[in-house]
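[1] here is the input, now give the coordinates:
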Amino acid sequence: MLTTSIRLVFGRLVFGIALAALLLLGDAEPSAAASLEVGPIAALPFVGNLAGDRPTNLGIESGHLAPCPASPNCVVSQGDTDSEHSIAPLAYSGDPSQAMAQLAAVVTAMPRTEIIEQGDRYLYAEFTSRWMGYVDDVEFYLDPEASVIQVRSASRLGESDLGVNRQRIETIRQAFSS
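    I've put the predicted structure just below:
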């Protein structure tokens, strides 16, 4: 019984030290053995892949971005959505190509962001969380007739995002309108 308790305490201690080391070294320069694909905690073998697989429903279909799933970790500006998932599109004035260039500059300037696809009317980026390596898929679709850019931001994994996707779009909106 005592050895089981000692092993449990020792295991927790080792886990705590490993976790602290990963958190402290998370911003260190990568070595040849380190992966840049996931955050430091996601690199632990027992945590698994927190990035998830890229969704297959991304892109434009019949002039619309995909609707949000039932989970509260997504916002979208198109379609018949409830208040939990609904968000306003980004308004712009002037040249649509300049609006998309400005949007790309805003998105590129954000930390841990990679633009995956960029065209005249569509931009898709992946945002990776700092500590856990979670990936959110963020899409923008320019609608020149309405002078807006439709938006969709969704977490790949989990149920709740604690409002991160909505906050991200509002941060982009503020930088885009400046």
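[2] the bottom helix or strand of this structure by mean pLDDT?
    helix 2-25 (a mean of 48; mean pLDDT, DSSP states H and E).
[3] contacts for the next helix or strand after it?
    For helix 2-25, the following helix or strand on the C-terminal side (DSSP states H and E) is strand 74-76. With contact meaning C-beta atoms under 8 Å, 6 or more residues apart in numbering, strand 74-76 is reached by 65-68, 85-87, 150-155, 161, 165-166, 169. (Glycine included, C-beta is placed from N, CA and C.)
[4] please report the distance of residue 152 from residue 178.
    To residue 178, residue 152 is 22 Å away according to C-beta to C-beta, to the nearest Å.
[5] neighbour count for those two, which is higher?
    Neighbours were counted for residue 152 and for residue 178 using other C-beta atoms under 10 Å; residue 152 has more, 26 against 7.
[6] contacts only, for that one.
    Listed by C-beta under 8 Å, 6+ apart, the contact set of residue 152 reads 65-66, 68, 74-78, 137-139.
[7] then residue 103?
    90, 123, 140, 149, 172, 176.
[8] thinking the third one is in contact with residue 123, fair?
    The one in question is residue 140. Yes: with contact defined as C-beta atoms under 8 Å, residue 140 reaches residue 123; the gap is 4.4 Å.
[9] more crowded one of the two?
    Using other C-beta under 10 Å, the more surrounded residue of residue 140 and residue 123 is residue 140, with 27 against 21.
[10] so where does that one fall, helix or strand?
    Element membership of residue 140, judged by DSSP H and E, is strand 135-143.
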